[in-house]
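Trainee: coordinates only, sequence not included:
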């Protein structure tokens, strides 16, 4: 939705290093809060567990539980989040403010059902202690809820309380684990997992309180009213799911390959590969932040100005001038994003070569980390281009890009197993998809007038369904 980037513009418009630092800090936690929190917390917990003398099997079991909960909660939530983002934006623009909060409840209900049933089936047949099953299921459900909450968090203005929610959850988790490790004899994966759960429960509750205060409806609206636009944007559900599965496809193949091991008879993992993947992903964080606070805040006003001239019957000179200004800003911001990400990728590789061996990385893992950093550089730039294409409502193009990336990432990784190679497959899939995304956005921009004036249907298509009557302004 038109969210955090536009609200943060107020902070960026204020002069001074402190205000800009605040804006980047807020945007980083709001944009990638759950993802960043999971990755960092796993590292902190691993260090604390090992430092307290926890045996290797319990540490590996804890790490496997968190990785599975993180990955599969993200995939399940992606069924709704991209569609929900667009629908929520339409609700704001079309005056359906009373449907915003109920739509969050509805999306959480659907996500919990679709995600909970297969999770329960997995846990019933998994040979795991009951305490691990309960802790893992609770973490998985909490993450599903938080992924849905993030869609609405991005539109809120009370950034300090949002940051407080994430930081409080992290602090509670660390404190609880420290108490368990140093004041009790417990040194188990289940105790660490419940400490992890406690932190995310705090975050989830605090976020929900803030969302309910901000989006409090004036009328009672069905929780499933947001499905009224399902026929309008069905491709967004497919795009969200394909993108999320595509992101982790190379890991799934590695789990099933020679590098895969079975942890506690329940989890397929590729420990050395997985650790390198999550460390390399951190190198892509700068682009996710800069996209929100730079491209959206600079590009959106020009984008809106162009379409305002069209809708208000501006002259052809006004429309062309607005279009050229939009192109200029888009080019500038895209160049800036690529430059910043390239700098951070180079720095990440240099730091990785120098310091990763000190924390136990083998030379093979360092090489893997380096190629994955370059792969995430290409992937994240492709992702930015896909989001820009969605600005221009090119859902068909983005859908085909998502299909292509998933197919190539899976196929290239399978081929790489035969060649006894790791990492290059993800880079190759990301790079080829990036080239395709560049070609697509050039095509769309060169034909923007056609897409705007000629590609629309002569007669409005009926997009209502049986959920339409549930909407109330």
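Mentor: In hand now; what should we look at? Owing to the predicted nature of the structure, the values given are computational and were not obtained by experimental measurement.
Trainee: going forward, measure contacts and count neighbours with C-alpha atoms only.
Mentor: Fine.
Trainee: all helices of the stretch 351-473 of the chain, in order?
Mentor: Here the stretch 351-473 of the chain has its helices, by DSSP state H, counting those that start in this stretch, at 363-391, 395-418, 424-446, 448-449.
Trainee: Just checking the distance from the shortest one to the centre of its chain.
Mentor: Once both centres are worked out by CA atoms, centre = their mean, to the nearest Å, helix 448-449 turns out to sit 30 Å from its chain's centre.
Trainee: Which residue, other than its chain neighbours, is closest to residue 192?
Mentor: Nearest residue to residue 192, sequence neighbours excluded (CA to CA, 6 or more residues apart in numbering): residue 177, at 6.1 Å.
Trainee: re the thing from before, out of the helices of the stretch 351-473 of the chain, which is closest to residue 37?
Mentor: Proximity to residue 37 (CA to CA) singles out helix 363-391 among the helices of the stretch 351-473 of the chain, at 18.8 Å.
Trainee: What helices and strands are in contact with the closest one?
Mentor: Helix 363-391 is packed against helix 271-281, helix 285-290, helix 316-355, helix 395-418, helix 424-446, with contacts defined by 3 or more CA pairs under 8 Å, 6 or more residues apart in numbering; DSSP states H and E.
Trainee: Make TSV from these and add mean neighbour count to it.
Mentor: Formatted as TSV, the helices and strands packed on helix 363-391 follow (neighbours: other CA atoms under 10 Å):
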stretch	mean neighbour count
helix 271-281	19
helix 285-290	20
helix 316-355	16
helix 395-418	20
helix 424-446	19
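Trainee: which one of the ones you listed lies closest to residue 86?
Mentor: With distances scored as CA to CA, the stretch of the helices and strands packed on helix 363-391 nearest to residue 86 is helix 395-418 (11.5 Å).
Trainee: what's in contact with that closest one?
Mentor: With CA atoms under 8 Å, 6 or more residues apart in numbering as the test, helix 395-418 has contacts from 235-236, 238-239, 242-243, 245-247, 249-250, 253-254, 257-258, 386, 389-390, 422, 424-426, 428-430, 433, 436-437, 440.
Trainee: Stretch 36-52 too?
Mentor: In contact with stretch 36-52 (CA under 8 Å, 6+ apart) are residues 29, 56, 59, 63, 66, 70, 166, 170, 174, 177-178, 181-182, 187, 192, 278, 282.
Trainee: could you redo the last one with a cut-off of 7 Å?
Mentor: 59, 63, 181, 278 (CA atoms under 7 Å, 6 or more residues apart in numbering).
Trainee: any idea which of those is the one closest to residue 85?
Mentor: residue 278 (25.9 Å).
Trainee: Distance check, the nearest residue to the closest one once chain neighbours are set aside against residue 286.
Mentor: Among residues not flanking residue 278 along the chain, residue 39 sits closest, at 6.9 Å (CA to CA, 6+ apart). To residue 286, residue 39 is 15 Å away according to CA to CA, to the nearest Å.
Trainee: what about the chain, any weak spots by pLDDT?
Mentor: Where the chain drops to pLDDT under 70, the residues are 1-34, 154-159, 288-297, 453-473.
Trainee: who's sitting farthest from the centroid in it?
Mentor: residue 315 (40.1 Å; CA atoms, centre = their mean).
Trainee: quick one, phi psi at that residue?
Mentor: Here is the backbone geometry of residue 315 (degrees, to the nearest 10): phi -70, psi 160.
Trainee: cool, residue 188 as well?
Mentor: phi -120, psi 160.
Trainee: all helices for the stretch 1-150 of the chain, in order.
Mentor: Using DSSP H, counting those that start in this stretch, the helices of the stretch 1-150 of the chain run over 4-13, 17-51, 56-94, 100-125, 130-153.
Trainee: In TSV: the ones you listed, plus distance to residue 398 and mean neighbour count.
Mentor: Formatted as TSV, the helices of the stretch 1-150 of the chain follow (distance: least, CA to CA, whole Å; neighbours: other CA atoms under 10 Å):
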stretch	distance to residue 398	mean neighbour count
helix 4-13	22	19
helix 17-51	21	17
helix 56-94	12	20
helix 100-125	23	17
helix 130-153	20	22
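Trainee: Dump these into CSV; add distance to residue 209 as well.
Mentor: Listed next are those as CSV, based on distance: least, CA to CA, whole Å:
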stretch, distance to residue 209
helix 4-13, 18
helix 17-51, 16
helix 56-94, 19
helix 100-125, 11
helix 130-153, 11
